[in-house]
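Q: Prediction below, plus the sequence it came from.
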Amino acid sequence: MLEKYEWKKEEKNYYHPSSSPQITTIPAFKFFELSGQGNPNDDFFKDYIQCLYSLSYAAKMRWKKENKLDYSVYPLEGIWTLKTSDSIGKNVIDKNELMFTLMIRQPDFISNEYAHEIIEQVKIKKSYPLLEKVRFSTIEEGLCVQILHTGSYDTESESFEKMDSLISLHNLSRINSIHREIYLSDARKTQKDKLKTILRYQIG
């Protein structure tokens, strides 16, 4: 009988935050990831997403076949900052200056060896140049503040203000200019005002 791991039910504290900011601790997770620079609205950005999803679905299907355990692929995530510190804090951001690392989390039972076998497997079937740049990494964010942002990506500043206010009340602060976004909605199929995105950054 085929079993299925339901991370949406088992890991609600990580993937179902409130629309009010919350302080939480994020443990170590494993990811396929790709780094780049530029405007996410440009055509090249789709290649990064396509490459990561190809790896994630290949890992899922092989694990399901070999181990009789199924699971849903985790959502796309992105770590974002700006190329120069001079741009941080400006009301209008030049999106061409954005530096990003896109990633998709993998279940804890996926080993480094298995992940690299999947990369080589996909290389045989797909001619994605980005496969040469893919990394399989473990990331532990630790103490963070996060919020569920509903609406356009261009209105995220409103949610960040709520997060900033909360950590100020607790005498905490951001430890760097990087923030994480977890995309719970498919931007191709969802109206901008209904997009759901988890926003998160590290604090100390």
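A: Here it is on my side, so go on.

Q: now the residue nearest the centre of the chain, what's its secondary structure?
A: The centroid of the chain falls nearest to Glu77 when counting by Cα atoms, centre = their mean (1.3 Å). Three-state call for Glu77 (DSSP: H, G, I helix; E, B strand; the rest coil): strand.

Q: Would you check that it makes contact with His179?
A: No. Contact criterion Cβ atoms under 8 Å: Glu77 and His179 do not qualify, at 11.1 Å. Placement of C-beta: from N, CA and C, glycine included.

Q: Could you double-check that Asp108 lies in contact with Lys30?
A: Yes. Assessed by Cβ under 8 Å, Asp108 is found in contact with Lys30 at 6.7 Å.

Q: Between these two, point out the one with more neighbours.
A: Using other Cβ atoms under 10 Å as the criterion, Asp108 and Lys30 rank with Lys30 on top: 19 against 12.

Q: give me the element that one is part of.
A: strand 22-37 (DSSP states H and E).

Q: tell me the angle the following helix or strand past that strand makes with strand 22-37.
A: Note on strand 22-37: by DSSP H and E, the next helix or strand toward the C-terminus is helix 44-67. Counting by axes from the mean of the first three to the mean of the last three Cα atoms, to 10 degrees, helix 44-67 lies at 110 degrees to strand 22-37.

Q: And the strands in this structure, which stretches?
A: 3-5, 22-37, 69-71, 76-82, 98-106, 135-150, 179-183, 196-202 (DSSP state E).

Q: Of all the residues in the first one, which ones are buried?
A: Buried residues in strand 3-5, counting neighbours by 16 or more other Cβ atoms under 10 Å, are found at Tyr5.

Q: Just the mean pLDDT for that strand, thanks.
A: The average pLDDT for strand 3-5 rounds to 88.

Q: One more: the third one?
A: pLDDT averaged over strand 69-71 equals 94, rounded to a whole number.

Q: helices and strands around it, which ones?
A: strand 3-5, helix 44-67 (3 or more Cβ pairs under 8 Å, 6 or more residues apart in numbering; DSSP states H and E).
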